[in-house]
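*Asks:* What shape does this take:
(one chain, ligands or ions: 2)
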Amino acid sequence: MSTLLEARHLNKSFPRAGGAVKVLVGCDFKLEKGEAVAVTGRSGSGKSTLLNILGGLDTPTSGKVLYEGKPIRFHNNHAMTQWRSTGVGFVFQFHFLLPDFTALENLLLPVQSRRPITDQDRHRAEAFLNDMGLSDRASHLPGELSGGEQQRVAVARAFMNRPGVVLADEPFGNLDPEIGAHLGDMLFRLRETEGTSLVIVTHDPVLAGRADRTLDLRDMALVPAEGHA
Ligand SMILES: Nc1ncnc2c1ncn2[C@@H]1O[C@H](COP(=O)(O)OP(=O)(O)OP(=O)(O)O)[C@@H](O)[C@H]1O
Ligand SMILES: [Mg+2]
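*Replies:* Ligands and ions are numbered 1, 2, ... in the order given. Reported below is the predicted structural model:
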């Protein structure tokens, strides 16, 4: 196995009047190619902060993130845009689909932001919708889809650019548990067929149990979770 994504000694604090809020202190992380890791931790422990740094949406106060052995250049806008559009895909708790674009168009947006869309891209997006049981919803706007359907589109969208890693932050936290479990099936199936690594922040022990291992964010750093190797 080889390492895909690595964080070395991350520190993150948010400056605030009256004193900085420390969130991460000396946090290390390693994700192998093809591996799925779940991250748990109490509310406010820094899980979203960590995920945002791993995906280049936020900068660490100090420390490094390496993708395929190369440091992510947090302060180079061009490099960051490129990394975010090809290295990594995101699934958030709230889907962030664009309301004026159809399901199919929303899937194609990550590609379109890099280069002109081809027939192959269109086929890939249609196959994803098909795979998600949404082939008859391709021309629907997000407002015309149920919450679970919207989140299925968001899951597929994260994989469109063939990222090395998909980062998911409580992706099904606001859905009915049964629908959430079904979407968990879809996420893990896509990860398998696409050969993508996965970091999933979740409070759901069943979802975490599907990952290869679980890490707990505790006292501002990651430690192996009890009960899951
Ligand atoms: N921009 C900010 N400025 C100041 N403090 C912040 C900022 N963003 C996050 N924090 C603080 O950092 C800590 C970690 O926040 P974070 O959102 O990463 O937690 P979390 O583990 O994702 O929580 P949850 O499970 O509730 O989503 C919290 O105490 C939060 O108040
Ligand atoms: Mg969070």
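
*Asks:* which residues touch stretch 220-228?
*Replies:* Outside of stretch 220-228, the residues within contact range by Cβ atoms under 8 Å, 6 or more residues apart in numbering are 22-29, 38-40, 45-46, 50, 208-209, 211, 213-216. In this view, the C-beta of every residue, glycine as well, is placed from N, C-alpha and C.

*Asks:* Narrow these to those that are buried.
*Replies:* By the neighbour-count criterion of 16 or more other Cβ atoms under 10 Å, the contacts of stretch 220-228 include these buried positions: 23-25, 27, 29, 38-40, 45-46, 50, 208, 211, 214-216.

*Asks:* tell me the SS of the residue positioned nearest the centre of the chain?
*Replies:* Averaging the C-alpha coordinates of the chain gives a centre point, and the residue nearest to it by Cα atoms, centre = their mean is Leu167 (1.8 Å). When states are read from DSSP: H, G, I helix; E, B strand; the rest coil, the local structure at Leu167 comes out as strand.

*Asks:* can you check Leu215 too?
*Replies:* strand.

*Asks:* Look up the residues forming beta bridges with the closest residue to it other than its chain neighbours.
*Replies:* For Leu215, the nearest residue in space outside its immediate sequence neighbours is Leu222; the separation is 4.4 Å by Cβ to Cβ, 6 or more residues apart in numbering. In this structure, Leu222 has beta-bridge partners Leu217, where bridges are defined by DSSP bridges.
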